[in-house]
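Visitor: give me coordinates for this.
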Amino acid sequence: MADEDNQSIHNENNHVRTLKDYMNLTRTSARSYIIFPPDASHFNFKPGIIQLLSTFHGLELENPFLHLREFEEVCNTYNDLNCSMNTIRLKLFPFSLKDKAKTWLQNIRSGSIHVWDEM
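Guide: Got it, this is the predicted structure:
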């Protein structure tokens with residue numbers, strides 16, 4: 001019986017899996033709801049830009065149109081010669097969402113957003 005229990009904690013490479021291994025699930029790939037334009041690989045995050053973004057939690061008292069206007073105002077101050085404003089907005093937008101709003105974004109059909117206007 002002890003040998004069977006001992007065998008169950010070893011994988012095919014005879015590596016002992018610790019409790020930490022079982023607690024930390026591994027993801028092979030993240031589902032992407034945004035298809036970024038080709039210039040997105042050249043996007044250069046500036047320190048502090050995320051802190052400038054307004055946040056939207058998806059609460060009834062919050063105005064999503066006001067959030068979008070404030071978000072676009074911050075993005076318009078960001079100048080990156082390597083990529084378009086469309087790319088800047090798509091890359092930064094997920095950082096402006098919290099709680100219910102972030103959950104909403106993460107549940108959008110995979111690959112359904114290609115440009116900012118679709119957001």
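Visitor: how about the strands in this structure?
Guide: Chain-ordered strands for the chain, with DSSP state E as the definition, do not occur.
Visitor: for it, which spans come out with low pLDDT?
Guide: Counting by pLDDT under 70, the low-confidence segments of the chain come to 1-15, 17, 19-31.
Visitor: at 80 instead, please
Guide: By pLDDT under 80, the weakly predicted segments of the chain are 1-32, 47.
Visitor: list the residues that contact the most centrally placed residue in it.
Guide: Nearest residue to the geometric centre of the chain (Cα atoms, centre = their mean): P94, 5.8 Å. Listed by Cβ atoms under 8 Å, 6 or more residues apart in numbering, the contact partners of P94 are 34, 102, 105. Heads up, the C-betas are built off the backbone N, CA and C, glycines and all.
Visitor: now do it against L61, distance only.
Guide: Counting by Cβ to Cβ, to the nearest Å, the gap from P94 to L61 is 22 Å.
Visitor: please apply the same query to I88.
Guide: When distance is defined by Cβ to Cβ, I88 is 28 Å away from L61.
Visitor: could you count how many residues lie near Q106?
Guide: Neighbour count of Q106, defined by other Cβ atoms under 10 Å: 12.
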